[in-house]
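Student: Quick check, what structure comes out for this input:
(one chain, ligands or ions: 2)
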Amino acid sequence: MTVATSDKLFPAWSIIIYMATIHLVALLALFPSNFSWGALGISFVLYWLTGGIGITLGFHRLVSHRSFEVPKWLEYILVFCGTLACQGGPLYWIGGHRIHHKYSDTELDPHDSNKGFWWSHMGWMLCQNPARTEIPRYTKDIQDDPFYQFCEKYFIPIQIVLGLLLYWWGGWSFVIWGIFVRLVVVFHFTWFVNSATHKFGYQSYESNDNSRNCWWVALLTFGEGWHNNHHAYQYSARHGLEWWEIDLTWMTIRVLQILGLAKNVKLAPKQ
Ligand SMILES: [Zn+2]
Ligand SMILES: [Zn+2]
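Tutor: Residues are numbered from 1 along each chain as shown. Ligands and ions are numbered 1, 2, ... in the order given. This next block holds a predicted model:
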């Protein structure tokens, strides 16, 4: 691979402004006049739908690792839910994640955890990312799909449409909680998988990197915190491999399997 290493770091101003704006607007939730129980409820449902169903089930276990198969229409619904998390488009997210696994915790890993907690949590994305030019090599299976291209190109306008729908439904409190607070929460919970689970917790398997199993990240991310298991068995649809390693996304995949919607489910040898 020919990507440059990060000896020289240049700020990615568009992403810095994007992230700062979302975080600052989310602070409006601190004003009691912007709170309602309905807004909190819609925020929680969208946290599950975008973080759990979209990012964890769709972007990660289904597409990044192809750990099971679903009908194309369902794949598109899951990818659309992931797009609503506004963590870049699906090609950027999935390509970047595949690069992370290939070069985990080495100089070529976009969020190499040896560079510290904050770098792996969010610092890496606030700098120009030399690995970004390599993404097309890692997304050959999806990059020509018009639906993926649509989500890649329009993930911000799609979020704006969702915001307008929420405003129409419940006013500013729905927008502040359902868009901005929920985006910040799902951002940081997802980023904990790159930072906390490469630093805190236990290692059950030799995975040749710093990945760890961390219970509290697993609870926040619908099972993604069993990250050492995942690095050891990347193809496995099930990440929580011991009985105490609760994995809500694996339970979801089991439901899809029982309904006949998930097929060819791949599992680590222990199962
Ligand atoms: Zn992964
Ligand atoms: Zn990792």
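Student: For the stretch 101-250 of the chain, which segments are assigned as helices?
Tutor: For the stretch 101-250 of the chain, applying DSSP state H, counting those that start in this stretch gives helices covering 117-121, 135-138, 146-170, 172-175, 182-194, 215-220, 227-232, 248-258.
Student: Can you list the low-confidence ranges for this structure?
Tutor: 1-7, 270-271 (pLDDT under 70).
Student: Need the residue in it that's farthest from the chain's center.
Tutor: What lies farthest from the middle of the chain is Ser33; by Cα atoms, centre = their mean that is 31.1 Å.
Student: Kindly indicate whether it is helix, strand or coil.
Tutor: Assigned with DSSP: H, G, I helix; E, B strand; the rest coil, Ser33 falls in the helix class.
Student: That one and Ile246: what is the separation?
Tutor: Applying Cβ to Cβ, to the nearest Å, the value for Ser33 to Ile246 is 37 Å. In this view, the C-beta of every residue, glycine as well, is placed from N, C-alpha and C.
Student: likewise Trp13?
Tutor: Following Cβ to Cβ, the distance that separates Trp13 from Ile246 is 40 Å.
Student: and the spatially most central residue of the chain, what does it touch?
Tutor: With distances taken as Cα atoms, centre = their mean, the residue of the chain nearest its centroid is Ile55 (4.3 Å). Ile55 makes contacts with 82, 85, 87, 93, 186, 190, as judged by Cβ atoms under 8 Å, 6 or more residues apart in numbering.
Student: give me phi/psi at the residue nearest to the last one when sequence neighbours are not counted?
Tutor: In other words, Thr190. In this structure, Thr190 finds its nearest non-sequential neighbour in Ile55, 5.8 Å apart by Cβ to Cβ, 6 or more residues apart in numbering. The phi and psi torsions at Ile55 (degrees, to the nearest 10) take the values phi -70, psi -60.
Student: Would you mind measuring from Ile55 to Leu162?
Tutor: Counting by Cβ to Cβ - Ile55 and Leu162 are separated by 16 Å.
Student: cool, and Pro130?
Tutor: Using Cβ to Cβ, Pro130 is found at 32 Å from Leu162.
Student: can you check Ile22 too?
Tutor: Ile22 is 14 Å from Leu162, by Cβ to Cβ.
Student: what do you get for Trp191?
Tutor: Taking Cβ to Cβ, one finds Trp191 at 21 Å from Leu162.
Student: what does Leu248 give?
Tutor: Leu248 is 23 Å from Leu162, by Cβ to Cβ.
Student: Do I have it right that His239 meets Asn229?
Tutor: Yes: assessed by Cβ atoms under 8 Å, His239 is found in contact with Asn229 at 5.4 Å.
Student: Name the residues contacting each of those two.
Tutor: With Cβ under 8 Å, 6+ apart, His239 and Asn229 have common neighbours Glu245.
Student: ok, back up a step: more crowded one of Trp13 and Ile246?
Tutor: Ile246 (16 against 10; other Cβ atoms under 10 Å).
Student: For that one, give me phi and psi.
Tutor: phi -70, psi 130.
Student: contacting residues around it?
Tutor: Contacts of Ile246 by Cβ under 8 Å, 6+ apart are 218-219, 223, 240.
Student: how does it look with 6 Å?
Tutor: Applying Cβ atoms under 6 Å, 6 or more residues apart in numbering to Ile246 gives the contacts Gly240.
Student: Same check on Asn210?
Tutor: Here Asn210 is in contact with 105, 113, 198 (criterion: Cβ under 6 Å, 6+ apart).
Student: Give me the nearest residue to it, chain neighbours excluded.
Tutor: Distance criterion Cβ to Cβ, 6+ apart; nearest residue to Asn210, sequence neighbours excluded, is His198 at 4.5 Å.
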